[in-house]
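> Just need the structure, nothing else, for what follows:
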Amino acid sequence: MPKDQEKHEVVCPKCKNKFFIKIKNSNIEDNECSWEEHGEPRKTILSSIKKKTNRPIIASILLICVFIIGISTAIFSEAFITSSMDIASTAGLTGSVEIIITDLSNDTLENINIEINGESGSTNENGVFTKENIKPGFQTLEISSNKYRNKSIKILITPIINTETTIKLEKDTTNDLNKVNFDGTGCTIIIIIFSILALISSITSYKRKHLDVAVVGALIGIFSFGFYFVGSILSIIALIIIIKAREEFENGKKGKIF
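Next comes the predicted model:
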């Protein structure tokens with residue numbers, strides 16, 4: 001402060017806001033100063049501190065269980081799928097199929113006989129066979145024709161969802177049976193992917209970060225199924241907990257977004 005000056009104007013070098021410094025008592029050696037803001041006031045938004053709960057931790061533990069159950073299901077896929085589908089069948093759930101029959105040139109075939117779950121039918125003019133209210137689980141399609149080689153294919157019928165598949169037939173007058181077992185590789189890969197996403201959701205829930213990732217991971221974890229649908233039930237519970245604890249999650253790298 002210049003000598004004998006009671007008021008001095010200063011400017012912030014960063015925000016250019018102006019202030020006045022006033023000397024309360026110029027006779028005291030250690031002069032006391034007060035600040036007076038000049039110009040438009042600056043405002044800020046401060047978040048209130050809320051008590052953290054154990055909800056994200058509980059959701060994280062549940063999703064870890066979903067991951068473990070999902071990986072176990074993927075390893076022993078056929079056994080777990082069979083037991084789960086049996087429960088779905090006991091609960092009265094049914095599935096449906098849509099089968100498209102073509103030759104090796106991808107031309108659709110009409111009037112091909114198909115038998116599934118003890119009931120038979122034939123493809124229409126577009127080479128399509130549809131059947132509803134089928135018991136969930138592994139079912140065997142018996143396909144027969146006078147001009148093409150007979151085929152026996154094991155497929156998986158899932159509850160509620162319509163199972164669609166295309167089957168190619170080759171010409172063979174001997175009518176030897178071509179038996180094709182169920183290939184569970186695709187189901188195994190899908191279950192593993194869904195289980196890994198549930199694990200990622202578990203990590204984000206534990207850290208209370210990235211609410212969107214936690215919600216999506218828990219939602220996808222529902223479709224990892226697991227033994228007796230335990231994984232699906234745990235994922236649903238975890239999803240509900242995460243949504244209720246959404247205010248405890250941080251968004252982005254710098255915390256909460258206002």
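> Can you give the domain ranges for the chain?
7-38, 55-73+187-248, 93-183 (automatic domain parsing).
> which of those is buried the deepest?
Using mean count of other CB atoms under 10 Å, the stretch among the domains of the chain with the largest mean neighbour count is domain 55-73+187-248, at a mean of 21. Yep, even glycine has a C-beta here, placed from its N, CA and C like the rest.
> Straight-line length of that domain, end to end?
Chord length of domain 55-73+187-248, first to last residue, is 9 Å (CA to CA, to the nearest Å).
> coming back round to it: okay if I get the domains of the chain as JSON lines plus mean pLDDT and distance to Phe80?
Formatted as JSON lines, those follow (pLDDT from 0 to 100; distance: least, CB to CB, whole Å):
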{"stretch": "domain 7-38", "mean pLDDT": "68", "distance to Phe80": "62"}
{"stretch": "domain 55-73+187-248", "mean pLDDT": "89", "distance to Phe80": "4"}
{"stretch": "domain 93-183", "mean pLDDT": "85", "distance to Phe80": "12"}
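> Please name whichever of these is nearest to Asp86.
Nearest to Asp86 among the domains of the chain is domain 93-183 (6.6 Å), distances taken as CB to CB.
> Got the phi and psi for Ser105?
Its backbone dihedrals place Ser105 at phi -90, psi 10, with angles given as degrees, to the nearest 10.
> Can you show me the helices along the stretch 51-200 of the chain?
Secondary structure of the stretch 51-200 of the chain, counting by DSSP state H, counting those that start in this stretch: helices at 55-75, 77-90, 185-207.
> Check the burial of Thr90 by counting its neighbours.
One way to gauge burial is a neighbour count; for Thr90, by other CB atoms under 10 Å, it gives 9.
> Tell me who's in contact with it.
For Thr90, no residue counts as a contact, taking CB atoms under 8 Å, 6 or more residues apart in numbering as the criterion.
> any idea how far it lies from Thr163?
Computed as CB to CB, to the nearest Å, the Thr90 to Thr163 distance reads 20 Å.
> got it, and Lys171?
The separation that Lys171 has from Thr163, given CB to CB, amounts to 27 Å.
> next one: Glu110
Counting by CB to CB, the gap from Glu110 to Thr163 is 21 Å.
> returning to that earlier point: Met85 is nearest to which of the domains of the chain?
Nearest to Met85, of all the domains of the chain, is domain 93-183, at 3.7 Å by CB to CB.
> now that closest one, how far from the centre of its chain.
For domain 93-183, the gap between its own C-alpha mean and the chain's C-alpha mean amounts to 31 Å (CA atoms, centre = their mean, to the nearest Å).
> for stretch 91-103, same thing?
Centroid separation for stretch 91-103 versus its chain: 25 Å, with CA atoms, centre = their mean.
> contact partners of it?
Outside of stretch 91-103, the residues within contact range by CB under 8 Å, 6+ apart are 108-109, 112, 114, 116, 123, 126-136, 141, 143, 148, 155, 157-171.
> residues contacting the residue nearest the centre of the chain?
Among the residues of the chain, the one closest to the centroid is Ile220, at 2.1 Å (CA atoms, centre = their mean). Under the criterion of CB under 8 Å, 6+ apart, the contact partners of Ile220 comprise 194, 197-198.
> what helix or strand is it on?
Using DSSP states H and E, Ile220 sits in helix 211-221.
> now that helix and helix 55-75, what's the angle there?
Regarding helix 211-221 and helix 55-75, their directions subtend 40 degrees when assessed with axes from the mean of the first three to the mean of the last three CA atoms, to 10 degrees.
> After helix 211-221, which helix or strand is next?
Per DSSP H and E, helix 211-221 leads on to helix 230-244 as the next helix or strand towards the C-terminus.
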